[in-house]
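In: output the structure for:
(one chain, ligands or ions: 2)
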Amino acid sequence: MTSNELIKQLLLSYNKSDKDAFISAAREYIEREKRMKHTQVVKELEMALFNTSENRTSFSERRFKNEMPIPRDSEKGFPLLEIKHFTDSYENLIVDSTVKAQIDQIIREFKDADILATYNLSFKKKILLCGKPGTGKTYTAQIISSLLAIPLVYIRFDSIISSYLGETASNLRKVFDYIEQGTWIVLFDEFDIIGKNRDDIHEHGEIKRVVNNFLQMMDNYNGNSILFAATNHQYMLDSAIWRRFDDIVYYDIPDNETRIKLFDRFLRQLKRDENISLESLAKKAKGLSPSDIKMITIEAIKISIIESRNKITERDLQIALTKFLNREKLRKGSNLSE
Ligand SMILES: Nc1ncnc2c1ncn2[C@@H]1O[C@H](COP(=O)(O)OP(=O)(O)O)[C@@H](O)[C@H]1O
Ligand SMILES: [Mg+2]
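Out: Numbers count the residues shown, from 1 in each chain. Ligands and ions are numbered 1, 2, ... in the order given. So this is what the prediction gives:
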């Protein structure tokens, strides 16, 4: 959409008192400024939308205001969670149709929570996101937070655990006490501890207790938030963990068609030569994750900017891709211990 169309959207939604449409248009506009690298403008617009000063006017902030201080680790004092705001559009998340349908359903259920409740049903509250690194698990939680205009509570699960095992239960309790005070999109990220510590028999029992502890708190949770847990090691999770979740979303390495979409999406930032073949690029990028493809495109975009061209060429992409693939070869070659 052009900037005029977006402003028209804003005015129309104001006219119809359609808050959701208003926020969505505002976000779209901020996204647009972001793409144009107007960092200062983006900052100011985000401030205006999420107004963090005294007289909050933003719809979302007012609904989800939370007076509790951020809980901290009692031993070392670091914060146990972060609250983050995102402005991003759903179209930027490129996933296969199965994953897309699952995410759509999660969002719809949340929006229709009231209707579901009249049938004594609940929206999906506990969701496991799993799959290889760089496939969009963390990004999905960010996108959902953005789309629903609900702040993200971000918890690095492994940092809570590794801090000091004895403190873990109390840390988890604090996190859940905090979450229960509001409506959030919650992400327990890097829910990988079991996989990582599998070989350490001494620690394993302790870790198991921690996980059971977490599962119990999750079981007992019946608030208004959606709780996500993300892991790269789903095979390490046993069935006791598995069945605790209302839904399990599996992020596969993208197929050829999805890779084409990813290249297309990431290259939108800059004009590109008409003769660039996304098909052949996608073929060469077989096995790479969305995050890898993003890295390659950023590298290519930088090359073209540095060389003062206002267009990305096939050559830029080729250089970036070769560089990336060589790096992967190095990484795999040196990783003999795994
Ligand atoms: N499916 C995707 N669609 C679009 N961009 C993606 C996707 N997956 C990853 N990315 C990009 O790569 C970055 C890292 O991905 P992330 O969500 O952190 O991966 P992980 O699955 O390891 O949590 C994201 O911030 C996003 O920019
Ligand atoms: Mg992640």
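In: what does this structure put close to ligand 1?
Out: Counting by CB under 6 Å from any ligand atom, the chain comes close to ligand 1 at 92-95, 133-139, 230, 251, 290-291, 294. Backbone N, C-alpha and C define where each C-beta goes, glycine included.
In: repeat that for 5 Å
Out: Within reach of ligand 1 by CB under 5 Å from any ligand atom, the chain has these residues: 93-95, 133-139, 290-291, 294.
In: okay if I get these as TSV plus pLDDT?
Out: Output for those, formatted as TSV (pLDDT from 0 to 100):
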residue	pLDDT
93	97
94	97
95	97
133	94
134	97
135	97
136	97
137	97
138	97
139	98
290	98
291	98
294	97
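In: among those residues, which are in strands?
Out: Among those, no member falls in strands (criterion: DSSP state E).
In: now those: which count as buried?
Out: 93-95, 134-139, 290, 294 (16 or more other CB atoms under 10 Å).
In: which one of these is nearest residue 107?
Out: The closest of those to residue 107 turns out to be residue 93 (CB to CB; 11.5 Å).
In: correct me, but the closest one touches residue 143?
Out: Yes: if you go by CB atoms under 8 Å, residue 93 and residue 143 touch, sitting 4.9 Å apart.
In: before we move on, the earlier item: and ligand 2, which of the residues of the chain next to ligand 1 contact it?
Out: 137-138 (CB under 5 Å from the ion).
In: who's in contact with the helix or strand containing residue 48?
Out: Following DSSP states H and E, one finds residue 48 within helix 39-49. Helix 39-49 is contacted from outside by 23, 26-27, 29-30, 33-34, 58, 85, 87, using CB atoms under 8 Å, 6 or more residues apart in numbering.
In: again, only using 6 Å
Out: Applying CB atoms under 6 Å, 6 or more residues apart in numbering, the external contacts of helix 39-49 come out as 26, 30, 33-34, 58.
In: buried residues in that helix, which are they?
Out: Quick answer for helix 39-49 (16+ other CB under 10 Å): 42, 45-46, 49.
In: as TSV, those residues with distance to residue 19 and pLDDT would be great.
Out: Listed next are those as TSV, based on distance: CB to CB, whole Å; pLDDT from 0 to 100:
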residue	distance to residue 19	pLDDT
42	22	86
45	17	86
46	17	82
49	12	81
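In: nearest to residue 101, of the residues you listed?
Out: residue 49 (29.6 Å).
In: for that closest one, give its distance to ligand 2.
Out: Distance, residue 49 to ligand 2, using CB to the ion, to the nearest Å: 26 Å.
In: kindly report the same for residue 302.
Out: From residue 302 to ligand 2 the distance is 24 Å (CB to the ion).
In: and that residue, what's its pLDDT?
Out: At residue 302, the model reports a pLDDT of 94.
In: state the number of residues packed around it.
Out: Residues contacting residue 302 under the criterion other CB atoms under 10 Å number 12.
In: can you tell me the element it falls in?
Out: Here residue 302, judged by DSSP H and E, is contained in helix 290-306.
In: how about the residues of the chain next to ligand 1 in JSON lines, adding distance to residue 246?
Out: Below are these laid out as JSON lines (distance: CB to CB, whole Å):
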{"residue": "93", "distance to residue 246": "20"}
{"residue": "94", "distance to residue 246": "24"}
{"residue": "95", "distance to residue 246": "19"}
{"residue": "133", "distance to residue 246": "24"}
{"residue": "134", "distance to residue 246": "25"}
{"residue": "135", "distance to residue 246": "21"}
{"residue": "136", "distance to residue 246": "20"}
{"residue": "137", "distance to residue 246": "16"}
{"residue": "138", "distance to residue 246": "19"}
{"residue": "139", "distance to residue 246": "20"}
{"residue": "290", "distance to residue 246": "25"}
{"residue": "291", "distance to residue 246": "26"}
{"residue": "294", "distance to residue 246": "30"}
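In: pull up the gap between the spatially closest residue to residue 297 that is not a sequence neighbour and ligand 2, please.
Out: The spatially closest residue to residue 297, leaving aside those adjacent along the chain, is residue 266, at 3.9 Å (CB to CB, 6 or more residues apart in numbering). Distance, residue 266 to ligand 2, by CB to the ion: 18 Å.
In: let me know how buried residue 266 is, in neighbour terms.
Out: 19.
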